[in-house]
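Trainee: turn this into a structure:
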Amino acid sequence: MRTEDLPAPDTGILLTHFLTVRDVPRSRRFYSEVLGGTVVLDENPCVVKLANGWIIMNPGGGPTPDKPDVTLAPPEDRGAASAFLNIRVADIAACHREWSAKGAEFLTPPLDRKAELRCYLRDPDGYLIEVGQATGMLSGVFADPTPGASGGRKSG
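Mentor: Numbering: from 1, shown residues only. So this is what the prediction gives:
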């Protein structure tokens, strides 16, 4: 392990994504062998560098002194999601082919959503992962608003 590969910024902040997993070795293989990440730390916690971010994985468990009323558990209902990992790629067709060949199971092939091409897959614990390639949004074309949603696009 090289300490410079750990998600520990010298200044400012750094975003990582923590997943509560049922089987650390299985999830480690998925994020490294299927999605192409680099294992930085095998366990306790498992850390995989994926592109310019990190996935941190550990088994679930009960409350701890720093989260006294929280129990960590992987998702139980594959039909519901309150959050998901969003991966942006340069070539979604190539990514879909490569990851499918390595065993990734996508919900659909990439679909054209005007602003982007996108598709979803699940990791071994059922976490939802969106894979997208910016297309129309690069020229100001965005997806249709969600029915019933209020508000507009913000520029910045």
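Trainee: alpha carbons only for contacts and neighbour counts from here, please
Mentor: Noted.
Trainee: what ranges do the helices span in the chain?
Mentor: Assignment of helices within the chain using DSSP state H yields the ranges 24-29, 92-101.
Trainee: out of these, nearest to Phe18?
Mentor: helix 24-29 (12.1 Å; Cα to Cα).
Trainee: where do the strands of this structure begin and end?
Mentor: 16-20, 38-41, 46-50, 53-58, 85-88, 111-112, 116-122, 128-134 (DSSP state E).
Trainee: what's the domain layout of the chain?
Mentor: 1-64, 75-144 (automatic domain parsing).
Trainee: dump those to TSV, plus mean neighbour count.
Mentor: Output for the domains of the chain, formatted as TSV (neighbours: other Cα atoms under 10 Å):
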stretch	mean neighbour count
domain 1-64	16
domain 75-144	15
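Trainee: reformat the ones you listed as TSV; add mean pLDDT.
Mentor: Listed next are the domains of the chain as TSV, based on pLDDT from 0 to 100:
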stretch	mean pLDDT
domain 1-64	93
domain 75-144	95
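Trainee: and the pLDDT for Ser150?
Mentor: Confidence at Ser150, expressed as pLDDT, is 61.
Trainee: before we move on, the earlier item: figure out which of the helices of the chain is closest to Pro7.
Mentor: Pro7 lies closest to helix 24-29 among those, at 16.4 Å (Cα to Cα).
Trainee: show me what that closest one is packed against.
Mentor: strand 46-50, strand 53-58 (3 or more Cα pairs under 8 Å, 6 or more residues apart in numbering; DSSP states H and E).
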